[in-house]
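Peer 1: Structure of the sequence below:
(one chain, ligands or ions: 1)
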Amino acid sequence: MITASTPGRLMLAPMEGLVDVILRDLLTRMGGVDTCVTEFIRVTDTLLPNRTYYRMCPELLQGARTAAGVPVWVQLLGSDPEALARNARRAAKLGAPVIDLNFGCPAKTVNRHCGGAALLVDPERIHRIVAAVRAAVPPQIPVTAKMRLGLQDRSLMFDNASAIESAGASLLTIHARTKVEGYRPPAYWEEIARIGERVQIPLVANGEVWTLEDYDRCRQQSGCVDVMLGRGLVSQPWLALQIRARQQGLPIPEPSLALLSPWLLAFWSRCLNHLSFNFALGRSKQWLKMLCRGVPALQAELAELQRETCPMGFGQRLLQLSDSEAARQHQVDSQPSAA
Ligand SMILES: Cc1cc2nc3c(=O)[nH]c(=O)nc-3n(C[C@H](O)[C@H](O)[C@H](O)COP(=O)(O)O)c2cc1C
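Peer 2: So this is what the prediction gives:
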């Protein structure tokens, strides 16, 4: 019986165009995350140059860990077993601690080239891909996979999971929806439990975990102790910390602007270091939008920032917000206590 205090790993989901080196750094420093996975690296029929791996996973230059010390797995997406195998060998050589294979991406361009979720109609090909990658990388480097329940329906979910297992993968993350179901709630966590009755490798449950309650229901219904958090964690960056604190019987941190504003500032400054002004603004507003969804209570306070269209103005407002929050917090802390 899985309860709220049953320990389990928390993985930060790969999210192309969203969870890059900047957000991985931030979210792992905020705490509670055990593992990250890169955005997918698309493999066609060539061996990608080293610089592609370093661009998608700069952490390879620091032991494949974020600054907080959290390991970063490298995810490959493609449909050609040989090309994937060669690229996996290269990624492993550059220091990837784990090679993860993507069988879930719903993007049209990717699916048109038989990559991502499109492969879910062909368990034999999935088997060939995993087997080729497994054979290509050193035995000490685990090969893992991430799949959806299916393309149009769930009729091949057992076959796909078994194909992945029998080809030598050591862990399987399941996003509990088909491709057609996209990202619409609900996620069918109970289907993961059915798959778990057919395979022996550890399964990681994924999809639609936004709150502590979702996390509990997801683990109970899926039978998985390990959970991968996607949009829920980006929208509520302290969710992993809350889950962890509760498992350890510690006080659960409450979301507040005081807690958030230094991180917003850190994110903005990391964006400025890596990107042009306009991209930095776009990335910051993308995260702000998700934060407003995750914590509606902060929506009013973040609204002005969201309206800002000039990068300079955005930076100034962010600094003001952070300073006034720090001053307010200082005032609260220096009030004599009633006792
Ligand atoms: C913007 C975006 C980009 C994504 N990119 C990837 C990716 O590169 N690789 C992958 O395996 N899944 C990708 N996913 C799927 C997520 O990893 C995850 O399976 C999905 O969001 C469901 O989890 P959630 O409901 O917790 O967000 C992406 C999802 C989103 C929303």
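
Peer 1: Thought Leu241 was touching Gly32, still the case?
Peer 2: Yes: applying Cβ atoms under 8 Å, one finds Gly32 in contact with Leu241, separated by 4.1 Å. Where you see a C-beta, it was placed from the backbone N, CA and C, and this is true even at glycine.

Peer 1: And whichever strand or helix holds Asp100, how far out from the chain middle?
Peer 2: Assigned by DSSP states H and E, Asp100 falls within strand 99-103. Remark: strand 99-103 is offset 13 Å from the chain centroid, using Cα atoms, centre = their mean, to the nearest Å.

Peer 1: Residues of the stretch 51-200 of the chain that sit close to the ligand?
Peer 2: The stretch 51-200 of the chain has residues Gln75, Asn102, Gly104, Cys105, Lys146, His175, Tyr183 near the ligand, with proximity defined as Cβ under 6 Å from any ligand atom.

Peer 1: Closest one of the residues you listed to Val234?
Peer 2: Comparing those against Val234 with Cβ to Cβ places Tyr183 closest, at 12.8 Å.

Peer 1: now that closest one, what's its secondary structure?
Peer 2: coil (DSSP: H, G, I helix; E, B strand; the rest coil).

Peer 1: Count the residues that sit near it.
Peer 2: 12 (other Cβ atoms under 10 Å).

Peer 1: Keeping just the C-alphas, turn the strand holding Asp100 into CSV.
Peer 2: Output of strand 99-103 as CSV, limited to C-alpha atoms (Å, rounded to 0.1, in the frame of the first residue of the first chain):
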residue,chain,number,x,y,z
ILE,A,99,20.0,7.3,-22.4
ASP,A,100,16.3,7.8,-22.5
LEU,A,101,14.3,7.1,-25.7
ASN,A,102,11.2,9.1,-26.6
PHE,A,103,8.1,7.1,-27.7
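
Peer 1: List the buried residues for the helix or strand following it?
Peer 2: Sequence-wise, the next helix or strand downstream of strand 99-103 (DSSP H and E) is helix 108-112. Buried residues in helix 108-112, counted by 16 or more other Cβ atoms under 10 Å: Val110, Asn111.

Peer 1: now Pro202, nearest residue through space, not along the chain?
Peer 2: Leu171 (5.0 Å; Cβ to Cβ, 6 or more residues apart in numbering).

Peer 1: residue ranges of the strands in this protein, please?
Peer 2: 10-12, 35-37, 41-42, 72-77, 99-103, 143-150, 171-178, 203-206, 226-229 (DSSP state E).
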